[in-house]
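1. here is the input, now give the coordinates:
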Amino acid sequence: MPTPQKHTNNLIKESSPYLLQHAHNPVNWEAWNDDVLQNAKEENKLILISIGYAACHWCHVMEHECFEDEEVAETMNAHFINIKVDREERPDIDHIYMDALQMMTGSGGWPLNILALPDGRPFWGATFVKKQEWIQVLNQLQKLYVDDPNKIIGYAENMATGLKEINAITTGENQDLIQESEIDTIVADWSKYFDTFLGGYKRAPKFMMPTNLIFLKYYSHTKKDNAVNEYVNTTLTRMAWGGIFDHVGGGFSRYSVDTKWHVPHFEKMLYDNGLLISLYANAYAATKNELYKNVVEKSIVFLEEELLDKSNGFYSSLDADSLTDNNKLVEGAFYVWQEEQLKQLLKDDYALFADYFNINSYGYWEEENYVLIRDGEALEIAMKHSITKIELQETITKCLSLLKIEREKRNRPRLDDKILTSWNGLTLKGLTDAYRYLEDERYLNLAVNNANFIVDNMITAAGGLYRNFKNGKSTIPGFLEDYASVIDGFIGLYEVSFNEKWLNHSLELTQYVIENFSDPKTGLFFFTSKNKGNLIRKTLEVADNVIPSSNSMMAHNLHKLSKYFPEDNFDGHLHQIMKSMKPSIIENPQNHANWLHLAQLMSENFYELVVIGENFELICKSLLKNYLPNAIFAASNAKISNLPLLMNRYVMNKTLIYVCNHGSCQMPVEEPSKALDLVSPIL
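-> Numbers count the residues shown, from 1 in each chain. Here you go, the predicted model:
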């Protein structure tokens with residue numbers, strides 16, 4: 001039996017809601033920091049690293065079963081330095097140990113539990129573990145470390161080597177850039193996996209993959225590929241109809257556990273919603289489908305009502321779990337409905353509502369609960385009930401309003417109120433796209449306020465970025481994803497406001513990244529800056545997942561900024577990156593959709609649209625609402641500008657539109673329609 005240890009849980013000093021959830025466990029938890037790592041080395045103790053996040057259902061289950069238990073705590077405290085990590089605050093740590101877990105077990109997930117040597121090199125890992133099995137494993141591995149340490153050290157050495165090897169980029173310096181024909185072949189092969197009836201892939205669970213869909217929407221548009229276009233629209237429609245979208249309050253959950261987008265894992269993340277607002281706004285521009293517009297509008301209402309801090313930063317997430325009337329924490333309790341509840345609330349409108357949202361076997365979940373899901377066009381249901389489509393929509397809107405009022409009486413899901421720079425950058429970009437294509441001034445105001453929050457609170461004295469913000473403080477230096485998403489958001493804000501300060505912030509942050517994050521061998525950027533050195537690997541994050549990789553976002557940023565600032569050699573840097581990445585993209589294209597998108601943009605005509613003169617705002621509005629993903633915009637009414645695209649182009653009493661390609665411009669025109677004609681041949 002381990003000797004009882006004095007209880008010192010230091011998480012109470014932290015600001016992360018996830019760490020604070022564990023601050024009263026009997027485990028002697030520490031946050032990840034240099035002092036704790038040094039103590040592990042000095043005491044020659046194994047490190048137990050447990051990684052999760054506030055909205056994680058199984059993290060809560062393991063906490064209750066293991067970390068709140070005195071017997072478990074005795075074992076952990078006697079033998080290990082116990083470190084709790086919020087993966088959202090410290091993605092740099094999560095990247096490494098998630099790779100380790102996948103190497104060990106072939107799969108991953110959270111909670112992510114790792115045992116490592118005192119220097120941080122891992123040798124064992126698992127996700128959720130039950131109490132008795134957890135105690136048994138910990139005791140066995142501790143005994144092995146005492147009795148035969150070389151066995152564990154040898155395994156950890158091999159793991160550390162493997163972790164570096166799987167993150168190495170095989171450079172392609174002597175190769176050409178990816179060609180159009182190669183992209184065509186990739187998409188044709190990729191399309192074999194498409195679920196053309198329900199959208200997404202032919203499997204469950206189903207994750208929304210906005211990066212993939214943004215690329216495929218652009219590809220199908222430029223190539224006039226009707227099959228891919230139909231697949232994208234089917235996916236967007238089914239996601240918007242599905243239970244994964246909160247029809248009552250707006251916003252998306254993280255993924256669905258089934259093939260029809262019906263029952264979500266009910267946590268709602270800022271990053272998903274920022275990216276999906278961008279996706280649906282772009283899709284609306286390309287199709288003018290009112291469903292897509294509605295998704296954007298309701299998702300932004302969700303952001304405003306649930307995640308917007310008074311500082312104009314956005315919080316991170318809402319938990320999957322919420323308390324029932326019986327005070328029991330249950331996944332999805334806040335969101336689901338029972339048939340009798342709906343009948344009492346909606347009265348005469350129930351039959352119509354039940355048809356529309358499938359209060360039947362199709363919409364049934366479990367334990368008498370229904371998750372609202374659509375499965376057909378509104379017009380069909382309107383005809384069935386002998387009403388017009390407009391009357392149907394009015395009734396459904398009224399019903400959803402009643403449900404929202406009723407839902408407000410329930411116990412709300414827990415809020416993760418930390419503010420993360422990268423997720424705010426993604427949301428800023430979503431808001432700029434929403435304003436651009438839906439032309440609602442409120443969205444521009446939200447975007448400007450959020451951008452000002454980032455400038456005022458997240459930029460360091462040295463010109464870099466912080467990662468986090470809580471209670472007026474920022475404590476963690478920014479990672480590459482923070483820079484990449486904020487730069488993208490600032491460029492997007494420049495393109496709808498034409499306030500050059502946002503473009504200048506983008507330029508300054510990009511220069512900071514090049515100076516502090518560059519890998520000279522590949523041209524890519526490390527996830528952590530050169531000044532951060534207490535991890536066992538410097539990660540190159542290149543694979544696009546639900547969130548595009550930080551390197552692919554930076555590559556897109558370099559592409560745009562090379563058009564705005566041609567003298568800064570961003571183009572040369574970008575070409576080095578794309579050559580380095582070509583083997584990885586070709587080998588595994590589905591995990592490199594954002595790279596493929598950029599490869600296509602670089603292989604085709606890409607335009608600079610420059611509007612200069614007194615009437616520039618009106619003209620820009622008429623141009624910007626068009627789906628023009630193969631163009632950047634610059635505009636001003638100033639006679640003199642330091643922006644290269646605007647120099648020497650002002651003509652008194654005229655507003656001119658220049659359509660340029662690689663700095664070579666056609667004769668200026670004065671009518672937006674004529675400018676669009678100059679771009680349209682490739683569209």
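2. all helices for the stretch 301-450 of the chain, in order.
-> Under the criterion DSSP state H, counting those that start in this stretch, the stretch 301-450 of the chain contains helices at 339-346, 350-357, 378-384, 389-407, 421-438, 441-457.
3. pretty sure residue 272 sits against residue 252.
-> Yes. Assessed by CB atoms under 8 Å, residue 272 is found in contact with residue 252 at 5.4 Å. Yep, even glycine has a C-beta here, placed from its N, CA and C like the rest.
4. so what sits against both of those two?
-> residue 208 (CB atoms under 8 Å, 6 or more residues apart in numbering).
5. any low-confidence regions in the chain?
-> 1-7, 172-174, 680-683 (pLDDT under 70).
6. care to break it down by domain?
-> 10-166, 180-322+415-603, 335-407, 607-682 (automatic domain parsing).
7. got JSON lines for those, with distance to residue 329 and mean neighbour count too?
-> Shown next, in JSON lines, are the domains of the chain (distance: least, CB to CB, whole Å; neighbours: other CB atoms under 10 Å):
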{"stretch": "domain 10-166", "distance to residue 329": "7", "mean neighbour count": "19"}
{"stretch": "domain 180-322+415-603", "distance to residue 329": "5", "mean neighbour count": "21"}
{"stretch": "domain 335-407", "distance to residue 329": "14", "mean neighbour count": "16"}
{"stretch": "domain 607-682", "distance to residue 329": "43", "mean neighbour count": "17"}
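8. I'd like those as JSON lines, with distance to residue 328 appended.
-> As requested, the domains of the chain are arranged in JSON lines below (distance: least, CB to CB, whole Å):
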{"stretch": "domain 10-166", "distance to residue 328": "12"}
{"stretch": "domain 180-322+415-603", "distance to residue 328": "10"}
{"stretch": "domain 335-407", "distance to residue 328": "12"}
{"stretch": "domain 607-682", "distance to residue 328": "47"}
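9. what's stretch 354-371 in contact with?
-> Contacts of stretch 354-371 (CB under 8 Å, 6+ apart): 243, 247, 262-264, 332, 335-339, 342, 353, 372-375, 378, 381, 384-385, 392, 396.
10. against residue 11, how distant is residue 347?
-> 50 Å (CB to CB, to the nearest Å).
11. sorry, slip of the keys, the one I care about is residue 543.
-> Taking CB to CB, one finds residue 543 at 31 Å from residue 11.
12. which elements pack onto the strand or helix carrying residue 186?
-> Using DSSP states H and E, residue 186 falls within helix 180-190. Applying 3 or more CB pairs under 8 Å, 6 or more residues apart in numbering; DSSP states H and E, one finds that helix 180-190 contacts helix 210-223, helix 593-603.
13. the inter-axis angle of the following helix or strand past the longest one versus helix 180-190?
-> Meaning helix 210-223. Toward the C-terminus, helix 210-223 is succeeded by helix 226-241 as the next helix or strand (DSSP H and E). In terms of direction (axes from the mean of the first three to the mean of the last three CA atoms, to 10 degrees), helix 226-241 departs from helix 180-190 by 50 degrees.
14. so which of the helices of the stretch 301-450 of the chain is nearest residue 559?
-> Set against residue 559 and scored by CB to CB, the helices of the stretch 301-450 of the chain come closest in helix 421-438, at 15.0 Å.
15. next, the contact list for the nearest residue to residue 471 once chain neighbours are set aside, please.
-> Leaving aside its sequence neighbours, residue 471 sits nearest to residue 15 (CB to CB, 6 or more residues apart in numbering; 5.9 Å). Contacts of residue 15 were listed using CB under 8 Å, 6+ apart, and they are 418, 468, 470-471, 473, 475.
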